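sequence unknown, structure follows:
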């Protein structure tokens, strides 16, 4: 696009495109972490009263219905091989549909989905034990926080860049003064050049007769 003298240059839209990119990133990143919320959300564990549970996802976590000392639990896969278990590093509790479950053991390494035989020996409490896929409450909480923060950060940046772009375009397109200027009155102390003296004709002078 050609411009002519006195015509304002075409405004650059770099900041506008950056704002659009921020909005697009907000949708993509927020969508990713929202998917992570669904993936990491705790599921209701299966009771192990029958001894065998079927896991639809990898990993193994053993829960108790009441806070209890970590009882010796054993787990075997469908082939009868032992699955090493370890206690949680801290207190972990999940609440699903009003029922609270307390983590008492977890597989050392993520195990594939399938059938597992689990037994827990507990003679000191009336706790009910259940098992579910390997999960982490920390990962679930982090996914929620990441979803909120990523949305606020990228949308906020997009709004800032868009506002700056609109302000710059408004200033660039502001029309200049189109009214003719009037001469200013002279200053009282301003000096003007003197005109040469012209006495005019004089009848008393011989040359003017």
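Happy to help now that I have it. On a predicted model such as this, the values are computed, not experimentally measured, just so you know.

now the top helix by length along the chain: average pLDDT?
Assignment by DSSP state H gives helix 137-172 as the longest helix of the chain. Averaging pLDDT along helix 137-172 yields 90.

pull the distance from it to the chain's centre.
6 Å (C-alpha atoms, centre = their mean, to the nearest Å).

cool, and stretch 117-129?
Distance, centroid of stretch 117-129 to centroid of chain: 43 Å (C-alpha atoms, centre = their mean).

got it, and stretch 49-62?
With C-alpha atoms, centre = their mean, you get 35 Å for stretch 49-62.

give the buried residues for it.
Residues 53, 55, 59, 60, 61, 62 are the ones in stretch 49-62 that count as buried (16 or more other C-beta atoms under 10 Å). Bear in mind the C-beta positions are built from the backbone N, C-alpha and C, glycine included.

could those be laid out in TSV, adding secondary structure and distance to residue 17?
As requested, these are exported to TSV (DSSP: H, G, I helix; E, B strand; the rest coil; distance: C-beta to C-beta, whole Å):
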residue	secondary structure	distance to residue 17
53	strand	53
55	strand	48
59	coil	43
60	coil	49
61	strand	47
62	strand	53
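
return the member of these nearest to residue 128.
Nearest to residue 128 among those: residue 62, at 11.6 Å, using C-beta to C-beta.

follow-up on the earlier one: and the longest helix of the chain, what does it pack against?
Applying 3 or more C-beta pairs under 8 Å, 6 or more residues apart in numbering; DSSP states H and E, one finds that helix 137-172 contacts helix 14-40.

hmm, back to that, list the buried residues of the longest helix of the chain.
140, 143, 146-147, 150-151, 154-155, 157-158, 161-162, 165.

lowest-confidence entry in the buried residues of stretch 49-62?
Across the buried residues of stretch 49-62, the smallest pLDDT goes to residue 59, namely 80.

helix, strand, or coil at the closest residue to that residue other than its chain neighbours?
Residue nearest to residue 59 in three dimensions, not counting chain neighbours: residue 134, with 2.0 Å by C-beta to C-beta, 6 or more residues apart in numbering. Look at residue 134: counting by DSSP: H, G, I helix; E, B strand; the rest coil, its state is coil.

list the contacts of residue 84.
For residue 84, the contact set (C-beta atoms under 8 Å, 6 or more residues apart in numbering) comprises 107, 108, 109.

tell me which helix or strand comes right after the longest strand anywhere in the chain.
In the chain, ranked by residue count with DSSP state E as the criterion, the top strand is strand 99-107. Using DSSP states H and E, the next helix or strand after strand 99-107 towards the C-terminus is strand 114-120.

so for that following strand, what gets flagged as buried?
For strand 114-120, by 16+ other C-beta under 10 Å, it's 116, 117, 118, 120.
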